[in-house]
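[1] sequence plus predicted model, see below.
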There are 2 protein chains.
Amino acid sequence: MNAEILCVGTEILLGDIVNTNAAYLARELAALGIGCYYQSVVGDNAGRLAEGLQLALSRADMVITTGGLGPTYDDLTKETVAEMFGLSMELHRPSLEKMEAMFKGRGRVFTKNNEKQAYFPKGAHIFANDQGTAPGLAVESQGKVVILLPGPPGEMTAMFQKQVRPYLESRSTRVLRSHTIHLFDIGESTVEDMLHQSMLDHENPTIAPYAKLGEVQLRVTASAADEAEAEALMQPVMEEICALFADHVYGVDVQDLQHALVGRLQELGKTIAVAESCTGGTIASRLTDIAGASQVFLCGAVTYSNESKQKMLGVSAQTLEQHGAVSPECALEMARGIRTASGSGIGLSTTGIAGPGGGTPQKPVGLVYVAAVTESQEKVLELNLSRGYADQRKLIRNWASMYAMNLVLELCREAE
Amino acid sequence: MNAEILCVGTEILLGDIVNTNAAYLARELAALGIGCYYQSVVGDNAGRLAEGLQLALSRADMVITTGGLGPTYDDLTKETVAEMFGLSMELHRPSLEKMEAMFKGRGRVFTKNNEKQAYFPKGAHIFANDQGTAPGLAVESQGKVVILLPGPPGEMTAMFQKQVRPYLESRSTRVLRSHTIHLFDIGESTVEDMLHQSMLDHENPTIAPYAKLGEVQLRVTASAADEAEAEALMQPVMEEICALFADHVYGVDVQDLQHALVGRLQELGKTIAVAESCTGGTIASRLTDIAGASQVFLCGAVTYSNESKQKMLGVSAQTLEQHGAVSPECALEMARGIRTASGSGIGLSTTGIAGPGGGTPQKPVGLVYVAAVTESQEKVLELNLSRGYADQRKLIRNWASMYAMNLVLELCREAE
């Protein structure tokens, strides 16, 4: 079975929005084992939409569209599909009633043009929309399937997870299940090299590496008659990989380093405070982006100037004079200082040169020290994060933040 | 003249990356007045790439591709275009020498497969790559133009700005120039409503509104024989719009609020320090993301707990007891506290309920207080940022950060 993704919307063609829907659907299809060789975008234009659909249906068994299901005259995806398959449009009363109730609940007037959203090609399978007004649908005809989803990403992804994914799985006699292992501080090429034979040997489950946002993810995917069998197939492979990369695995099926860290600290009942120089609040911002972070995150200090390092963290004038602000000594004093000041279990710090200015031959752009201290442990890390790019400031700040969060996870593992 | 965008890369088809290149190019083409009716994605597969190119060239005068210019065997965009137009591949010595020098400078070995990147279809116009190894190129043949750009967004956008845009302009007898006016704290529909007649009246320059990242941008675009004429056409319209939205314009042709703020503080020679509760370091992180921020940004405090608000900022126990941490009184004390502690010219603070938990009927999720103080000014703002979405924590934190930065810009305007 192979599929194509066809996104409909003039706003995509004008570059006013980034097409995150295509990436989301592509990833979901890949996870379901459905091949996808083309993605296309057309505007809100009946002729070009029909042409795009015809072409996609000539190449694939299934086409998934996003957009063009709304109430206005230029929303015409449903109508185009109905015409293509020679199907009449019929009112779906439950959809109409749900929409009317939704408008009433929000105190909004239900204008006539909204009714359009409750008409569907005859025989369509309807996907209710929990997040907005326009339902989605699947039309099966002439041996092909066309799945039409709304354009707003929040509506589309919720509909896919809750309804389209099960619909697609129900059409197959097998289920696909995946786990993702997250590795940090190791390059994708090293991972591929170490796993090469294993990747060739394993056909089910498969192992696929992805380099993403400064880390490497390994996705293990099994195809089986049911979920239990899929899990049983994956278990030994997961164990093998986790053992092989033991020093680098920071989580399985987690969202990212900050979620892994906040989750781990919650489990352990530990608190953290952060003193940031070169990362300038990035670590604090990432940790507090997570709902419930206040249970473990006490406070942060963004000490950009030397004076603030002394005042807020108690870094000694002597250390700053003798070793400079970018030094392991300063990083340690910052971490100790924020831990003492806040009364947290863990103190974490970063100090370095993010660039583009400020570098010297002795202390070049990209030199960063990261320190983490607890009551009984102290660790400081020297990082050389420059890759020689012209605009690597964000990259250096991102990596420094990740190394800092990973250092705390390492401390937690060692303390166990 | 119309164009199509064809992005090449299996990683896009698998959903491993979001296709930001297509959105960037779409926006640039629209700004140049070049129509675009289709975007497509194909994988690293010679047959489907050739098919996709043929189809695009049958529909458009120009095709812009991204990706597939690298050194490996599956990078085949150049070769496919050469074959399609019956052109031989020739070595471009300056590109080869530049690449060899780059490898040498980084202490890396120049492996043989890299040479591939210095071969081009005969007669191609070559775009040097300042950010990476693979140059881009334009091939003009049979009345059509194919422009091939590298896949990594940093390389592609830099190449487009510096070389492809001038190349496209040189092919036209007219130039297009744009200015973008940035508005904050006003809805897109209000802007459209107020500008409706003006948008209809003006054909050159055109006025187009865009809602982006919590703000509204107005792009004014003039078509003229040369740059001076375009600027002269835009000037009265720019003045009219800036006067109409005077209270909401925070910048013209700026990148975003943080760039506008850091730039303004640099001009005024003023310094700032930030005390953040609900925004948790987001403002500090955004300001310090900008190179040179250290000239104006002294320090930040992320005071999540009440204890840290007292210790780090000197907020009084009485204020916390009587009014709570989410109150105008607390916001003001936080802003005064960080200003005094840091010796900065401006103190800025945020305190509020980002959710999803922590709300009460009196102080619901989305209630945020923002305060800014200088030697002679004090301002505090009450915001109700809830939109009733399930997952609005990030939205509330983003808006609160933007309102806070905008408040400082307002203070600066008032102090003039």
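    The structure has been received and is ready for your questions.

[2] which helix runs longest in chain A?
    helix A:393-415 (DSSP state H).

[3] touching chain B at all, that one?
    Yes. Using Cβ under 8 Å from any Cβ of the partner chain, helix A:393-415 reaches chain B at A:Arg393, A:Lys394, A:Arg397. (Glycine included, C-beta is placed from N, CA and C.)

[4] among those, which ones are buried?
    Neighbour-count burial (16 or more other Cβ atoms under 10 Å in any protein chain shown) applied to these gives A:Arg393, A:Arg397.

[5] for the residues of helix A:393-415 next to chain B, which one is nearest A:Ile186?
    Looking at these and their distance to A:Ile186, the nearest is A:Arg397, at 20.5 Å (Cβ to Cβ).

[6] surely the closest one touches A:Thr282?
    Yes. At 5.6 Å, A:Arg397 counts as touching A:Thr282 under the criterion of Cβ atoms under 8 Å.

[7] anything in contact with each of those two?
    Shared contacts of A:Arg397 and A:Thr282 (Cβ atoms under 8 Å, 6 or more residues apart in numbering or on different chains): none.

[8] ok, now how distant is the residue positioned nearest the centre of chain A from B:Glu307?
    Nearest residue to the geometric centre of chain A (Cα atoms, centre = their mean): A:Gln255, 6.5 Å. The gap separating A:Gln255 from B:Glu307 is 29 Å, by Cβ to Cβ, to the nearest Å.

[9] same question, A:Gly366
    Distance, A:Gly366 to B:Glu307, using Cβ to Cβ: 36 Å.

[10] neighbour count for these two, which is higher?
    More crowded of A:Gly366 and B:Glu307, by other Cβ atoms under 10 Å in any protein chain shown: A:Gly366, with 23 against 14.

[11] what are the phi and psi angles of the closest residue to the more buried one other than its chain neighbours?
    Among residues not flanking A:Gly366 along the chain, A:Ser386 sits closest, at 2.8 Å (Cβ to Cβ, 6 or more residues apart in numbering or on different chains). Dihedral angles of A:Ser386 (phi, psi; degrees, to the nearest 10) stand at phi -70, psi 140.

[12] and A:Gly366, by the same measure?
    The phi/psi pair for A:Gly366 (degrees, to the nearest 10) is phi 100, psi -10.

[13] thought it was touching A:Glu382?
    No. Taking contacts as Cβ under 8 Å, A:Gly366 lies outside contact range of A:Glu382: 11.1 Å.

[14] residues of the stretch 151-300 of chain A that sit close to chain B?
    Proximity of the stretch 151-300 of chain A to chain B, by Cβ under 8 Å from any Cβ, involves residues A:154, A:210, A:212, A:274, A:276, A:279-285, A:287-289, A:291-294, A:297-300.

[15] mind redoing it with 7 Å?
    Residues of the stretch 151-300 of chain A lying close to chain B by Cβ under 7 Å from any Cβ of the partner chain are A:210, A:280-282, A:284-285, A:288-289, A:291, A:294, A:297-300.

[16] let's have those residues in a markdown table, adding pLDDT and distance to B:His248.
    Below are these laid out as a markdown table (pLDDT from 0 to 100; distance: Cβ to Cβ, whole Å):
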| residue | pLDDT | distance to B:His248 |
| --- | --- | --- |
| A:Tyr210 | 76 | 42 |
| A:Gly280 | 97 | 28 |
| A:Gly281 | 98 | 27 |
| A:Thr282 | 98 | 29 |
| A:Ala284 | 98 | 30 |
| A:Ser285 | 98 | 26 |
| A:Thr288 | 97 | 29 |
| A:Asp289 | 95 | 28 |
| A:Ala291 | 93 | 31 |
| A:Ser294 | 92 | 34 |
| A:Phe297 | 97 | 34 |
| A:Leu298 | 96 | 37 |
| A:Cys299 | 96 | 34 |
| A:Gly300 | 97 | 32 |
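
[17] quick one: which of those residues sit in helices?
    Members of these lying in helices (criterion: DSSP H): A:Thr282, A:Ala284, A:Ser285, A:Thr288.

[18] what's the closest of those residues to B:Ala404?
    Of all these, A:Ser285 has the smallest distance to B:Ala404: 13.4 Å, by Cβ to Cβ.

[19] please name the residues that touch the nearest residue to A:Ala224 once chain neighbours are set aside.
    In space, and not counting its chain neighbours, A:Ala224 is closest to A:Ala230: 3.9 Å by Cβ to Cβ, 6+ apart. Residues counted as contacts of A:Ala230 (Cβ atoms under 7 Å, 6 or more residues apart in numbering or on different chains) are A:Val175, A:Arg177, A:Ala222, A:Ala224.

[20] now the strand or helix carrying A:Ala230: how far from the chain's centre is it?
    Applying DSSP states H and E as the criterion places A:Ala230 in helix A:227-244. In this view, helix A:227-244 has its centroid 23 Å away from the chain centroid, taken as Cα atoms, centre = their mean, to the nearest Å.

[21] centre of the chain versus the very next helix or strand once past that helix, how much separation?
    Where DSSP H and E defines the elements, the next helix or strand beyond helix A:227-244 is strand A:249-252. Strand A:249-252 has its C-alpha centroid displaced from the chain centroid by 15 Å (Cα atoms, centre = their mean).

[22] render the CA-only coordinates of stretch A:70-79 in CSV, please.
    Extracted C-alpha coordinates of stretch A:70-79, given in CSV (Å, rounded to 0.1, in the frame of the first residue of the first chain):
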residue,chain,number,x,y,z
GLY,A,70,-14.3,25.0,5.8
PRO,A,71,-17.5,27.0,5.2
THR,A,72,-16.4,29.5,2.6
TYR,A,73,-16.8,29.4,-1.2
ASP,A,74,-13.1,28.6,-1.8
ASP,A,75,-13.2,25.5,0.4
LEU,A,76,-13.9,22.8,-2.2
THR,A,77,-12.0,19.7,-1.5
LYS,A,78,-15.0,17.5,-0.7
GLU,A,79,-17.0,18.8,-3.7
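
[23] list of residues touching that stretch?
    Applying Cβ under 7 Å, 6+ apart, the contact partners of stretch A:70-79 are A:8, A:44, A:46, A:49, A:65, A:67-69, A:89, A:113-114, A:116-117, A:120-121, A:134, A:148.

[24] average pLDDT for that stretch?
    For stretch A:70-79, the mean pLDDT works out to 87.

[25] tell me which residues of that stretch come out buried.
    Neighbour-count burial for stretch A:70-79 flags A:Gly70, A:Asp75, A:Leu76, A:Thr77, A:Lys78, A:Glu79 (criterion: 16+ other Cβ under 10 Å).

[26] spatially nearest residue to the fourth one (excluding sequence neighbours)?
    Which is A:Thr77. Per Cβ to Cβ, 6+ apart, closest to A:Thr77 is A:Gly68, 3.5 Å.

[27] on that earlier part again, looking at the buried residues of stretch A:70-79, which are in strands?
    Judged by DSSP state E, strands contain none of the buried residues of stretch A:70-79.

[28] which bits of the stretch 1-150 of chain A sit near chain B?
    Residues of the stretch 1-150 of chain A lying near chain B (Cβ under 7 Å from any Cβ): A:13-20, A:22-24, A:26-27, A:30, A:36-43, A:48.

[29] in strands only, show me the residues you listed.
    Reading strands off those with DSSP E, I get A:Cys36, A:Tyr37, A:Tyr38, A:Gln39, A:Ser40, A:Val41, A:Val42.

[30] can I assume the last one is in contact with B:Tyr38?
    Yes. The pair A:Val42 / B:Tyr38 is scored as a contact, 6.1 Å apart, by Cβ atoms under 7 Å.

[31] before we move on, back to that, which of the ones in strands among the residues of the stretch 1-150 of chain A next to chain B sits closest to A:Ile181?
    Nearest member of those to A:Ile181, counting by Cβ to Cβ, is A:Cys36, at 24.1 Å.

[32] and the residue with the largest distance to the centre of chain A, helix, strand or coil?
    Computed with Cα atoms, centre = their mean, the residue of chain A farthest from its C-alpha average is A:Gln318, at 43.9 Å. Secondary structure state of A:Gln318, per DSSP: H, G, I helix; E, B strand; the rest coil, is helix.
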